[in-house]
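Asks: This is a predicted model, with the sequence first.
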Amino acid sequence: MELLDTHRRLLERWRDAMNLVGPGPLEEHYEDCASALRGPPPTGRWADLGSGAGFPGIPLAATFPELTVRLVDSRKKRCAFLRQVLSEAGMPATRVDVICARVEDLESGVWDGITARAFAPPTEVLGHAARLLVPGGTALLMLQQDQALPEVDGFEVFHVEHYTVHGRARRSVRLRRQA
């Protein structure tokens, strides 16, 4: 878990200067990600859209070391932060790396999974997922408990994880892109 330890240490140091996360304990972000990642283990090549401070991409990579994870963000400052975390944690770029680009510029149809937390409304995330995912690929969305998840053609829900983080009801939803 050196990756998570390094992430926590650097996030605590850089959080205010770079506006990476809001006020409050950092542990809530890690708890949110750990709970959202329960369920069927992911496989393959994943992209964390709008990775920002590294949630949920860094916990995803730390929890499932067999994955290839790309942390995607268009803001250079956030990309620099993420690269520093990976460098200090000694993560090989072949396993976890940063793509400093807009989501629209990512290669289409090559990702086994995508995830997003506070990146865009679910419909927009799934619109990106339809282009980015291989057939059968997984979109993992982290949502407020009452946040609507509209039906989107070409996707089926296959796992929902309900949980609470510091009194707030949350859920993660995994959808499979149909062929």
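Replies: That came through, no problem. Numbering: from 1, shown residues only.
Asks: can you map out the strands along this structure?
Replies: With strands called from DSSP state E, the chain shows them at 45-49, 68-73, 96-100, 111-117, 133-144, 155-165, 168-177.
Asks: In its sheet, which strands sit next to the first one, and in what direction?
Replies: When pairing is defined by DSSP bridges, strand 45-49 lines up against strand 68-73 (parallel), strand 111-117 (parallel).
Asks: Report the contact partners of residue 175.
Replies: Applying C-beta atoms under 8 Å, 6 or more residues apart in numbering to residue 175 gives the contacts 126, 129, 138, 139, 141, 152, 155, 156, 157, 158. Using the backbone N, CA and C atoms, a C-beta is placed for each residue, glycine as well.
Asks: mind checking how far the fifth one is from residue 101?
Replies: Between residue 141 and residue 101 the distance is 21 Å, computed by C-beta to C-beta, to the nearest Å.
Asks: Same check on the first one?
Replies: Note on residue 126: its distance to residue 101, by C-beta to C-beta, is 20 Å.
Asks: Which one of these two is surrounded by more residues?
Replies: Neighbours around residue 126 and residue 101, counted as other C-beta atoms under 10 Å, are more numerous at residue 126. The numbers are 24 against 13.
Asks: Can you read off the pLDDT for that one?
Replies: Looking at residue 126, its pLDDT stands at 96.
Asks: got it, and residue 132?
Replies: Looking at residue 132, its pLDDT stands at 98.
Asks: cool, and residue 118?
Replies: Looking at residue 118, its pLDDT stands at 85.
Asks: residues in contact with it?
Replies: 50, 52, 142.
Asks: is it true that residue 132 touches residue 108?
Replies: Yes: assessed by C-beta atoms under 8 Å, residue 132 is found in contact with residue 108 at 6.2 Å.
Asks: and the longest helix for this structure?
Replies: Across the chain, the longest stretch assigned as helix under DSSP state H is helix 2-18.
Asks: Send me that one as CSV with only the CA atoms.
Replies: Below are the C-alpha coordinates for helix 2-18, written out as CSV (Å, rounded to 0.1, in the frame of the first residue of the first chain):
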residue,chain,number,x,y,z
GLU,A,2,3.0,2.3,-0.5
LEU,A,3,1.0,4.0,-3.3
LEU,A,4,-1.8,5.0,-0.9
ASP,A,5,0.6,6.1,1.8
THR,A,6,2.5,8.3,-0.7
HIS,A,7,-0.7,9.7,-2.1
ARG,A,8,-2.0,10.6,1.4
ARG,A,9,1.2,12.3,2.4
LEU,A,10,1.5,14.4,-0.8
LEU,A,11,-2.2,15.2,-0.9
GLU,A,12,-2.1,16.5,2.6
ARG,A,13,0.9,18.7,1.6
TRP,A,14,-0.5,19.9,-1.7
ARG,A,15,-4.3,20.0,-1.1
ASP,A,16,-4.7,23.7,-0.3
ALA,A,17,-2.1,25.1,-2.7
MET,A,18,-3.5,23.2,-5.7
